[in-house]
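**Q** Sequence first, then the predicted structure:
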Amino acid sequence: MKKILAILALILLLFPADMLAQRQEKLRFFEIPDTLHKGRFWALNSSIAASYTGTMTLLSVAWYQGFERSSFHFFDDSGEWEDMDKAGHFFSTYFESKWTSSLYQWTGVKKRKAAYIGAIGGSVFQAGIEVLDGFSAKWGASVWDIAFNTGGALTFLGQELLWEEQRISLKLSSHRPKYSTTPFQANNSTATTTIREHADALYGTSFAEVVLKDYNGLTIWASGNISAFVQKENSKFPKWLNVAVGYSAENVYGGFGNGWRDAQGNSYTPSADLYPRYRQFLLAPDVDFTRIPTQSKGLKIFFGLLNIIKIPAPALEVNSLGKVKFHPVYF
């Protein structure tokens, strides 16, 4: 969750640069200059430097302060959380790269050069978090995290260099799972708990925690635009229609397994038959909101933000249990 929340903090801290640089010349707020606008460019650089420093400091104090520190080290977290955290790294770095690139285009940097800056910026931001992880005794830097961070940045950069557009967008969807409230007994005592109680403690219950942190309800999607690949002139095929492939997991109640110990020392292991951990692969239609025609700049911005979300839609699921399911509506 700390990685996704860091993105939100970075975005909020970047807005002051936009407003400061706006005053230098008589440009409309969302107008893209033909040449480099030095006021916007240096204001943005200063804001990013301050934002990066502030965000890393905030994370170091607010997130890591309560955990034991150690010398810098790596650890192997492949397979942890059924690799949902890796999908989160991929999505996060893609989004950071895309956002940073757009900001530099707003300063007048040419699109191709801005794409390189965006990919580097997204990678550097996530690398800072890996450094903080590396000095934490509880975690450690992860080669797999770095690999997926790089993959997210290259997914953005590669499309810009190849097609000069994002034909495949990364998106997310999230829902609140219906956790069981049936009590089951601890392994070493007569104490009882429920899956719902543990999930609430592990993932949280607030809206932001459910959306960004609950791996059992979170799905990361790669949403491809059909018409961008077909490219037929005068085609009546909807330019906004996408096909999305999603990745999610189910019955994940711990990093590497579903056993846990509570604050009182009671250990629990839910039945693997009732709550088997498994991975989900999904196929569903989607909408590319950025390809919906509109002359309104406000709507274009709104559609750009909305395009982060995968719309609710029917979906076909194939999972690692060897089962195939159809969901009338999946989000």
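**A** Alright, I've got the coordinates.
**Q** pLDDT of stretch 257-273, averaged?
**A** When pLDDT is averaged along stretch 257-273, the result is 94.
**Q** quick one: residue 227 and residue 241 touch, right?
**A** Yes - with contact defined as Cβ atoms under 8 Å, residue 227 counts as touching residue 241 (7.0 Å). For every residue, glycine as well, the C-beta is placed using N, CA and C.
**Q** Comparing those two, which shows the higher neighbour count?
**A** For the pair residue 227 and residue 241, the greater number of neighbours falls to residue 227 (17 against 14), based on other Cβ atoms under 10 Å.
**Q** Low-confidence bits of the stretch 201-331 of the chain, can you list those?
**A** Low-confidence regions of the stretch 201-331 of the chain, defined here as pLDDT under 70, do not occur.
**Q** repeat that with 80
**A** Under the criterion pLDDT under 80, the flagged ranges of the stretch 201-331 of the chain are 231-236, 297.
**Q** quick one: the helices in this structure?
**A** Under the criterion DSSP state H, helices of the chain are mapped to 2-22, 38-62, 84-106, 111-134, 143-163, 195-203, 207-213, 226-230, 297-306.
**Q** So which of these is the most surrounded?
**A** When you average the neighbours per residue for each of these (mean count of other Cβ atoms under 10 Å), helix 84-106 leads with a mean of 24.
**Q** Return the list of helices and strands in contact with that one.
**A** Based on contacts counted as 3 or more Cβ pairs under 8 Å, 6 or more residues apart in numbering; DSSP states H and E, the elements that helix 84-106 packs against are helix 2-22, helix 38-62, helix 111-134, helix 143-163, strand 168-174, strand 218-225, strand 241-250.
**Q** Next, the residues that contact stretch 171-181 from outside, please.
**A** Under the criterion Cβ atoms under 8 Å, 6 or more residues apart in numbering, residues 91, 194-196, 199-200, 210-212, 214, 216-223, 244, 246, 274-275, 286, 307-310, 312, 330-331 lie in contact with stretch 171-181.
**Q** which among those end up buried?
**A** Buried subset of the contacts of stretch 171-181 (neighbour count, 16 or more other Cβ atoms under 10 Å): 91, 194-195, 199, 210-212, 214, 216-223, 244, 246, 275, 286, 307, 309-310, 330.
**Q** Kindly export stretch 163-170 (C-alpha atoms) in CSV.
**A** Backbone C-alpha positions of stretch 163-170 (Å, rounded to 0.1, in the frame of the first residue of the first chain) are rendered in CSV as follows:
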residue,chain,number,x,y,z
TRP,A,163,3.3,4.0,-31.6
GLU,A,164,3.5,7.5,-30.1
GLU,A,165,0.4,6.6,-28.0
GLN,A,166,-0.7,4.3,-25.3
ARG,A,167,-2.6,1.6,-27.1
ILE,A,168,-2.4,-0.7,-24.0
SER,A,169,-3.2,1.1,-20.7
LEU,A,170,-2.8,-0.3,-17.3
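**Q** ok, back up a step: wait, which of the helices and strands packed on helix 84-106 is closest to residue 70?
**A** Comparing the helices and strands packed on helix 84-106 by their distance to residue 70 (Cβ to Cβ), the top pick is helix 111-134, with 8.8 Å.
**Q** any idea how far the closest one is from the chain center?
**A** In terms of Cα atoms, centre = their mean, to the nearest Å, the centre of helix 111-134 is set 14 Å apart from its chain centre.
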